[in-house]
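Student: A predicted structure for the sequence below; I have some questions about it.
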Amino acid sequence: MAGLAAAPGANDAQNYRRAPGLFAWLVLAPLLAWLVLFVVAPTVMLVAVSFAERDALGRIVWIFTTENYVRAFDWLWLKVLLVSVWYAFLTTVICMAVGYPVAYTIGRAPPRWRSLLLMLVMVPFWTSFLIRTYAWITILSKEGLVNSMLLNAGFISQPVALLYTPFAIVLGLVYNFLPFMILPIYTSVEKLDNAMIEAAYDLGAGPLRAFSQVIIPLTRPGIAAGAMLVFVPSIAMFAITTLMGGGTNPTIGEVIFKQFTSGRNQPFGAALGTLLLLIFILALWLTRKHREENA
Amino acid sequence: MTVAGSSPLATGTPRSRRSLSGSRLQGISFGIWTAGVFAFLYIPILLLVVFSFNSSRLNIRWEGFSLQWYGALFSNKVLITAFQNSLIVASVTTVLATILGTVGAWMLYRYRFPFQRSLGLLIFIPMVMPEVLMGVSLLVLFVQFLNLPLGYTSLVIAHTTFCFPFVLVGVQARLQGLDPFLEEAAMDLGATPVQAFWKVIVPYLMPAIVSGALMSFTLSLDEYIVSVFTTGSQSQTLPLKVYGMAKVGLNPQLNALSALFIAATFAAAVAGQFIGKRKHS
Amino acid sequence: MKTKTTTLLSALAALAVAGCGKAPETAPAENTTQPQAPAAAAESKQLSIYCWSEYIPQSVIDEFAARTGIKVSVENYASNEEMLAKLGAGGGNYDIIQPSEYVVEALVKENLLHPIDHSKIPNLKNLSPQFLNLPFDPGNKFSVPFMAGTVGIVWNTELITGDIKGFSDVFKPENKDKIVVLDDAREIVSWALLSQGIPVNDVSDGNLEKARGVLANWLPLVKVYDSDSPKTALLNGDVAIGVVWGGEGAILLNEDKKFRWAVPAEGTHLFIDSLAIPKDAKNVANAEAFMNFILQPEISKQISDAFPYTNPNLEARKLLTAEQLANPASFPTDEEIAKMETFKDVGAQSSKIDELVTSLKVQ
């Protein structure tokens, strides 16, 4: 079974890759230009600003200082970061568990239904974020739908506080990020070979074993991509956490945002942002190195 | 795997029957689960549609049926213009991000460029960078270095920058485990690399491309913070008009707008399904 | 599969094209205005406003455009600091901005505002002297009051018994997890300072330490921080008492009789949102015309009808209903206003204030 799980062709990849000719460079050029202009340049500016001072309005004054970093290495900001990462992690795991069966079902549906189902996953998010979130607030509040249903059914005698709790934060995050897990997993499920799955069942594997030993390993690239697309953006996400969580536990995105607004300290915000980028890039680089060494 | 001695027919039949029922069980339970998840996704949407017919301005309690918000919406030029802007920006962003992401993923997969690993890491920066940092730094870049006036162009550039990594990552996942001979076979049959990419690779990648396009469209449609800093007064999108509204209560015209847009999308999708079915048969 | 995708994409494209049809005529407008002296500005029929979302009713803007023939473009922000950050980075060419009082002061200090010619705004006479010539802009050289308001206490009488007079009645242990407050570090710190008898603008390090002592007891009691819509949590019954903007309080009082309002006995913040002209504005004369326009009583009344803040325009108040004027959250009494303070710009201290509140939230 392990042999089945390894992505076919992975070993050939080294030989398969070609050295780029002039044409390949030309095709890559737009992406390179885009990266240099709109990703590298802003990042360089960000790092430069993080070593600057600021004036009373929070604007940048170009005097070199490392004070922003001295200040950033404080237990307070680390705690904020840990809370954010923890929520992002929970969100990713739950999205994976909730989303996988959905992605699988869509990916195995008759081909002509797939695009429609995929779109059905996305359409709820073509509404305004604020209305969606306020709808959730109405549903979860003490006088909301869930509480009145539970009260009527006699499960509870007093309204339960659902809103402005960690539960509400995670629910809000899962709701908003679920499609970003379902879609990439769907892409991997969609290309599964029917014969492979049937073979697994034919070999006498029960559904659980067929799943854990054949199907999940085969769709691992999609799961990994989905995890990336959910985990990474949800670290810095804060509108949902403040609206549904009541704002009692600030996240790193909110703290950085406030440096640019009410805190009026752009350089410090830039320093926190640079550290966030560094930690993230380092973690990603280590994982990839680890994976390549194992491969 | 020791079936020696017994007839293959005798053992084969009950096994395959058992596994079939196993896969059926799995299919049914997944189907129920999926229906449940769709219900979860649509509960708030149902509520916002219901509230679009509410006579009260506050989106909190039901006070009676009314069509007033639909009427008001049609004469609200500002909201409609903002919504049009949102659609324009999201559509152009989707096209650009999908092209950049798909071609980028393929090139990085197919060729060995110098600094390949660093390139692969750079792509994640727009995803992890907090929106306010991205918005402000792009604003400074546009205004002070590129001398680009704020408007549709700057907004689309900013949106494309944070959208294309989503396409690229998704397409990369689909590329993993691609049969290397697929492209070679096409080229053996006389296709140029461009033809091979267009005729063989793109169709293979299509589910990932569609997913990436859907994600880009959604992300762009709903972006607030980056938009605040990179747009001009002519290209105000819907989130910019909506964000401060909570102060006086979210305007139910927004519910009406969302309800209409969803209805239109559904109509288009069902029509597409119907037309597609006729073509197939 | 492929056909499905193309139908989907073409549906989207069709929607976009439908939108595009109208776009080109408006698109190139912004950057064609030539730089010019205020005197010549009257010839350019343009006005670019950068204001809070949901603060200037669209009907008012449409009416101004109809009467003067000036083409108005509006860009919105959701906080003073968003506006400052965008202005500070050099974004946008605005003719009118809408800063709060302490931001006016900061902008004047940094020499970022254009002085206002009072002779062009005769309707200034309609404003109550209570809101003119205040410390943040002596003589109103740079700003014209738009709306004012305050911060006060609102509570649900079904859930809170007993009389509420000030902050000390809100932040009591028995109210734990029943409180909503504004998510605004400067506001929160000012309440703690007031409870110690310290003026809101004395934000020295020593006073901030005193505020920390107070807030260390107060903030753990808070259930929700919300600056945008604290009324939601109160209306939904998730909290019972809140320290909120006057406008929010006014909406709550209009919505349900169970809510009551009090101006804190310790004193509170009087905010004044003004109109001002950025230094680089290209259409100064049009901006002044707009300021004069919104000070007309019947126009100002429209603003009050839409947003229940404290209208500083005495002539407009005469046109309001008795019910509007009787709302204690919209219109505090003169004695109450006399006890309120406006915020002064605290410059770099705002960073410390922000960190103080953040550190107490993270437990």
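Tutor: Perfect, thanks for sending it.
Student: what's the strand or helix carrying residue B:127 packed up against?
Tutor: Secondary structure assignment for residue B:127, by DSSP states H and E: helix B:125-128. The contact analysis (3 or more Cβ pairs under 8 Å, 6 or more residues apart in numbering or on different chains; DSSP states H and E) places helix B:125-128 against helix A:220-236, helix A:266-294, helix B:152-175. To be clear about C-beta, it is placed using only N, CA and C from the backbone, and glycine gets the same treatment.
Student: so which strand or helix has residue B:269?
Tutor: Assigning secondary structure by DSSP H and E places residue B:269 in helix B:252-280.
Student: so how far is that helix from its chain's centroid?
Tutor: 16 Å (Cα atoms, centre = their mean, to the nearest Å).
Student: And the pLDDT for residue B:149?
Tutor: You'll see residue B:149 listed with a pLDDT of 89.
Student: now swap in residue B:247 and tell me
Tutor: 72.
Student: how about it, what does it touch?
Tutor: Listed by Cβ atoms under 8 Å, 6 or more residues apart in numbering or on different chains, the contact partners of residue B:247 are C:54, C:228, C:229, C:245, C:247, C:248.
Student: ok, now which ones touch the spatially closest residue to the second one that is not a sequence neighbour?
Tutor: In this case it means residue C:228. When the adjacent residues along the chain are set aside, residue C:228 lies closest to residue B:246, with 4.2 Å between them (Cβ to Cβ, 6 or more residues apart in numbering or on different chains). By Cβ under 8 Å, 6+ apart, residue B:246 lies in contact with A:130, A:134, C:228, C:229, C:232.
Student: Pop out the phi and psi values for the fourth one.
Tutor: The reference is to residue C:229. Main-chain dihedrals, residue C:229, degrees, to the nearest 10: phi -150, psi 70.
Student: Surely it touches residue B:243?
Tutor: No: applying Cβ atoms under 8 Å as the test, residue C:229 and residue B:243 come out as separate, 11.4 Å apart.
Student: got a list of what whichever residue of the stretch 151-281 of chain B sits closest to chain C touches?
Tutor: Nearest residue of the stretch 151-281 of chain B to chain C: residue B:244, at 3.0 Å (Cβ to the nearest Cβ). Residues counted as contacts of residue B:244 (Cβ under 8 Å, 6+ apart) are C:52, C:53, C:54, C:55, C:76, C:77, C:78, C:228.
Student: Most neighbours out of those residues, which is it?
Tutor: Of all the contacts of residue B:244, the most densely surrounded is residue C:76 (26 neighbours; neighbours counted as other Cβ atoms under 10 Å in any protein chain shown).
Student: Now do the same for the residue nearest to residue C:228: helix, strand or coil?
Tutor: With DSSP: H, G, I helix; E, B strand; the rest coil as the basis, residue B:246 sits in helix.
Student: separation between it and residue B:46?
Tutor: Between residue B:246 and residue B:46 the distance is 21 Å, computed by Cβ to Cβ, to the nearest Å.
Student: ok, now residue A:119?
Tutor: Counting by Cβ to Cβ - residue A:119 and residue B:46 are separated by 18 Å.
Student: And the closest residue in space to residue C:343 that isn't next to it in sequence, how far from residue C:198?
Tutor: Leaving aside its sequence neighbours, residue C:343 sits nearest to residue C:102 (Cβ to Cβ, 6+ apart; 4.0 Å). Residue C:102 is 17 Å from residue C:198, where distance means Cβ to Cβ.
Student: Between those two, which is the more surrounded one?
Tutor: Set side by side, residue C:102 and residue C:198 show more neighbours around residue C:102, with 22 against 18, by other Cβ under 10 Å.
Student: That one and chain A: what is the separation?
Tutor: Going from residue C:102 to chain A by Cβ to the nearest Cβ, to the nearest Å gives 11 Å.
Student: what about residue A:119 and residue B:46, which has more around it?
Tutor: Applying other Cβ under 10 Å to residue A:119 and residue B:46 shows that residue A:119 carries more neighbours, namely 21 against 12.
Student: related to what we said a few turns ago, mind listing what's buried in the helix holding residue B:269?
Tutor: B:252-262, B:265, B:268-269, B:272-273, B:276 (16 or more other Cβ atoms under 10 Å in any protein chain shown).
Student: can you list the weak-confidence ranges in the chain?
Tutor: No chain was given, so I picked chain A. A:1-16, A:204-205, A:295 (pLDDT under 70).
Student: Chain B, not that one
Tutor: Low-confidence segments of chain B, defined by pLDDT under 70: B:1-22, B:59, B:276-281.
Student: For it, which segments count as helices?
Tutor: Along chain B, counting by DSSP state H, helices occupy B:8-51, B:68-74, B:77-110, B:116-122, B:125-128, B:131-140, B:152-175, B:180-188, B:193-196, B:202-222, B:225-230, B:238-242, B:252-280.
Student: Next: the stretch 101-250 of chain A.
Tutor: With DSSP state H, counting those that start in this stretch as the criterion, the stretch 101-250 of chain A has helices at A:111-122, A:129-140, A:145-153, A:166-190, A:194-202, A:207-210, A:216-218, A:220-236, A:239-245.
Student: can I get these in a markdown table with distance to residue B:239?
Tutor: Listed next are those as a markdown table, based on distance: least, Cβ to Cβ, whole Å:
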| stretch | distance to residue B:239 |
| --- | --- |
| helix A:111-122 | 17 |
| helix A:129-140 | 7 |
| helix A:145-153 | 26 |
| helix A:166-190 | 14 |
| helix A:194-202 | 43 |
| helix A:207-210 | 44 |
| helix A:216-218 | 37 |
| helix A:220-236 | 16 |
| helix A:239-245 | 11 |
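Student: For residue B:67, which of those helices is the nearest?
Tutor: helix A:129-140 (18.3 Å; Cβ to Cβ).
Student: In terms of secondary structure, what does the closest one contact?
Tutor: Counting contacts by 3+ Cβ pairs under 8 Å, 6+ apart, helix A:129-140 is packed against helix A:145-153, helix A:166-190, helix A:239-245, helix B:8-51, helix B:238-242, helix B:252-280.
Student: For the last one, which helices and strands make contact with it?
Tutor: Helices and strands touching helix B:252-280, by 3+ Cβ pairs under 8 Å, 6+ apart, are helix A:111-122, helix A:129-140, helix B:8-51, helix B:68-74, helix B:77-110, helix C:2-20.
Student: tilt between that helix and helix A:111-122?
Tutor: 170 degrees (axes from the mean of the first three to the mean of the last three Cα atoms, to 10 degrees).
Student: and the angle for helix B:252-280 with helix B:202-222?
Tutor: In terms of direction (the same axes, to 10 degrees), helix B:252-280 departs from helix B:202-222 by 170 degrees.
Student: and the angle for helix B:252-280 with helix A:129-140?
Tutor: Helix B:252-280 runs at 100 degrees relative to helix A:129-140, counting by the same axes, to 10 degrees.
Student: how much does helix B:252-280 deviate in direction from helix B:77-110?
Tutor: 50 degrees.
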